[in-house]
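sharing a model that was predicted from the sequence below.
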Amino acid sequence: MEASLHGRRLNYVPIVHSEADMGSLSGGLQKAYINRFGEKLWQEHRQAIDDMWEGIKAKVNKLALDFKKVRLYQDGLPVCGKEKEIVQQVAESGSKNHQLLLELMSQGATLMGTEDPSLLIKEYNRLRGAERITGKAESLELLDQRDNFIARRITDTLLPEETGILFIGLMHRVDEKLSQDIEINYLIHNLPFRHAHERTGNEQKD
Amino acid sequence: MQRKDQKAHVLVVDDDKNNCDFFFRLLTEQGYQVFTTTKSLEALAIAANNSIDLVLLDIKLPDLDGIETLKRLKKLDKDLTVIMLTAYGSLATARDAMALGAYDYITKPFDLKFVKKVVKNGIEERVSWKHPSMVEG
């Protein structure tokens, strides 16, 4: 599924995050999950996320892309000059998401910093409870700001005849903010919600 | 996983009767007691009158759509495990399904081994929570 002549195409991959995707927050999130649902469900939850990534990987491979013309965009990856190091570190901690990124990069795809670092710091502090962003409206406002940045980033960096792949949490709405000339293909294998709607009081973290 | 002296109950709701028949055979072989219907309203009646543990629910249905059906099933039993199946995966229906408490959201065409695994996990979680003293092994 290559970009049409002079056109740009984005494969939009909605995902459910694993705790391993969350870097330094992962330990606390794992503990909170186990406290709430138990060790057995934690293991099943982890396996369910891994299975989702196996399904995504199969679907991406089926696209038969020329990876030298592919740009990878990733939820939570700041524009900072150290994108590859970050991905390697999170991949080493067990994130199937980031392991897939490395695999696609080894086939020639270009990794792109995707998010505004200052907004990610706000999100990190929100998840830690350190920021005074406790209301749903404020959380949605922050999500909206992040989505605006991500959409601009893709619009500004995805070149004619290139294909992008965006791995992004389900609650984001980046697709609604992209330039009209970018053709979007939604790529969903499955989404293991399990207890996602309960985890943070009906507010899916993203 | 089975309850002592009782099989786990699975309801399949798909507008395509061939799919219903297929899942009936597949899941019966797995040891479940399987109910099938091509209509949402009938599905709600089955769920109301039988102790259903898990529902495989198509999004596209002729009477009520899958999301509305999910909503009403959850009103009957908020802990019911519901797996959405869709040939038309979209962000909107995925978000709605998550917000309403769906267990998983799977797009067609799907891998049968994978669906069997998700059903098995969903049943185990449901049965071990609801009937801990009745679970074997």
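That came through fine.

contact partners of the biggest helix by length in chain A?
Ranked by residue count and defined by DSSP state H, the top helix of chain A is helix A:39-62. Contact partners of helix A:39-62, identified using Cβ atoms under 8 Å, 6 or more residues apart in numbering or on different chains, comprise A:11, A:13, A:15-19, A:30, A:33-34, A:37, A:96-97, A:99-100, A:103-104, A:165, A:187, A:189-192, A:194-195, B:104, B:111, B:114, B:117-118, B:121, B:125. Every C-beta, even on glycine, is put in place using the N, C-alpha and C of the backbone.

report the central residue of chain B.
What sits nearest the mean C-alpha location of chain B, by Cα atoms, centre = their mean, is B:V55, with 1.5 Å.

helices and strands around the next helix or strand after the longest helix of chain A, which ones?
For helix A:39-62, the succeeding helix or strand toward the C-terminus, using DSSP states H and E, is strand A:70-74. In terms of contacts (3 or more Cβ pairs under 8 Å, 6 or more residues apart in numbering or on different chains; DSSP states H and E), strand A:70-74 is packed against helix A:96-106, strand A:110-112, helix A:136-157, strand A:163-169.

so the longest one versus strand A:163-169, what angle?
Yep, that's helix A:136-157 we're talking about. On the basis of axes from the mean of the first three to the mean of the last three Cα atoms, to 10 degrees, helix A:136-157 is oriented at 170 degrees to strand A:163-169.

can I get helix A:136-157 in PDB, CA atoms only?
Extracted in PDB, the C-alpha atoms of helix A:136-157 (Å, rounded to 0.1, in the frame of the first residue of the first chain):
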ATOM      1  CA  LYS A 136     -11.300  15.500  33.000                       C
ATOM      2  CA  ALA A 137     -11.600  18.800  31.100                       C
ATOM      3  CA  GLU A 138      -8.000  19.700  31.800                       C
ATOM      4  CA  SER A 139      -6.800  16.200  30.800                       C
ATOM      5  CA  LEU A 140      -8.700  16.400  27.500                       C
ATOM      6  CA  GLU A 141      -7.300  19.900  26.900                       C
ATOM      7  CA  LEU A 142      -3.700  18.500  27.300                       C
ATOM      8  CA  LEU A 143      -4.600  15.500  25.000                       C
ATOM      9  CA  ASP A 144      -5.900  18.000  22.500                       C
ATOM     10  CA  GLN A 145      -2.700  20.100  22.600                       C
ATOM     11  CA  ARG A 146      -0.600  17.000  22.200                       C
ATOM     12  CA  ASP A 147      -2.700  15.900  19.200                       C
ATOM     13  CA  ASN A 148      -2.400  19.300  17.600                       C
ATOM     14  CA  PHE A 149       1.400  19.100  17.800                       C
ATOM     15  CA  ILE A 150       1.500  15.500  16.500                       C
ATOM     16  CA  ALA A 151      -0.700  16.300  13.600                       C
ATOM     17  CA  ARG A 152       1.400  19.400  12.700                       C
ATOM     18  CA  ARG A 153       4.500  17.300  13.000                       C
ATOM     19  CA  ILE A 154       3.300  14.600  10.600                       C
ATOM     20  CA  THR A 155       1.900  17.200   8.200                       C
ATOM     21  CA  ASP A 156       5.300  19.100   8.200                       C
ATOM     22  CA  THR A 157       7.600  16.000   7.900                       C
END
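
burial count for A:T110?
If you count neighbours by other Cβ atoms under 10 Å in any protein chain shown, A:T110 ends up with 15.

which pLDDT does the model give it?
For A:T110, the model assigns a pLDDT of 98.

for it, what are its contacts?
Neighbouring residues of A:T110 by Cβ under 8 Å, 6+ apart: A:70-72.

out of the residues you listed, grab the one that's most surrounded.
A:V70 (24 neighbours).

quick check: that residue touching A:L159?
No. Contact criterion Cβ atoms under 8 Å: A:V70 and A:L159 do not qualify, at 11.2 Å.
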